[in-house]
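Asker: fold the following, please.
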Amino acid sequence: MNTPQPAHDERAEFDQVLAVTAEGLFLANLLLLPGISFLILCWLRWRYYTEAGRLARCHIDQTFFVSLWGGGLLIVCTALFLLLGGLHWQWTWVVVILYFTCIHSTLVLLGTFGLSRATAGLEYVYPLIGVRRP
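Answerer: I've put the predicted structure just below:
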C-alpha cells in the first residue's frame, strides 16, 4: 500500500538553502576568503532578506551581525593591545596572537554549530553577540 508523500515545500527548501549558504559564507569568511566572503554575505542579505522566511532570516542576521561584531572586536582589541604595549614589546605580540587565536577559533566552532543547525533546518542564535529577534 502506497502512502501519499507530503507535498514538496519549495519555500522551506529555499529558506534552508539560504540558511546553509549564509553559514557557509560565515565560515569561508573566517577560514578561506576573508573579506570576499563577507561581501558576498552582504549581497546575500541585501538581495534575499525581504523574500526569505524565518529560518533564512535568522541565519542571515546571525552571520552578518556576528561577522561585524567579530571583525570589529578583533580590530579594536588588537589596536588597543598594540597601543598599550607598543610594537616592540614581545608580550604585546603574545597577547595579540593569543587573543586572535581564541576569538577566531571560537567563532569557527560556533559557525560550525550554526551550519549544522542550518543543515537540520533549525534556527540558531550565536551566544553573547548574536542577534535576538522575537
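
Asker: only C-alpha atoms from now on, for both contacts and neighbour counts.
Answerer: OK.

Asker: closest to the centroid, which residue in the protein?
Answerer: Thr63 (3.0 Å; CA atoms, centre = their mean).

Asker: for that residue, which non-adjacent residue is spatially closest?
Answerer: Phe26 (5.8 Å; CA to CA, 6 or more residues apart in numbering).

Asker: show me how far the helix or strand harbouring the one you found is from its chain's centre.
Answerer: Assigned by DSSP states H and E, Phe26 falls within helix 10-31. When C-alpha coordinates are averaged (CA atoms, centre = their mean, to the nearest Å), helix 10-31 and its chain have centres 10 Å apart.

Asker: which outside residues touch it?
Answerer: Helix 10-31 is contacted from outside by 34-38, 40-41, 44, 52-60, 63-64, 67, 104, 107-108, 111-112, 114-115, 118-119, 121, using CA atoms under 8 Å, 6 or more residues apart in numbering.

Asker: could you identify the buried members of these?
Answerer: Burial by neighbour count, 16 or more other CA atoms under 10 Å: within the contacts of helix 10-31 this picks out 37-38, 41, 44, 52-53, 55-60, 63-64, 67, 104, 107-108, 111-112, 114-115, 118-119, 121.

Asker: quick revisit: what angle do the helix or strand just after the helix holding Phe26 and helix 10-31 make?
Answerer: Using DSSP H and E, the helix or strand that follows helix 10-31 towards the C-terminus is helix 36-48. Relative orientation of helix 36-48 versus helix 10-31 (axes from the mean of the first three to the mean of the last three CA atoms, to 10 degrees): 160 degrees.

Asker: in strands, which of the contacts of helix 10-31 fall?
Answerer: Using DSSP state E, no member of the contacts of helix 10-31 falls in strands.

Asker: with that, I have no additional questions.
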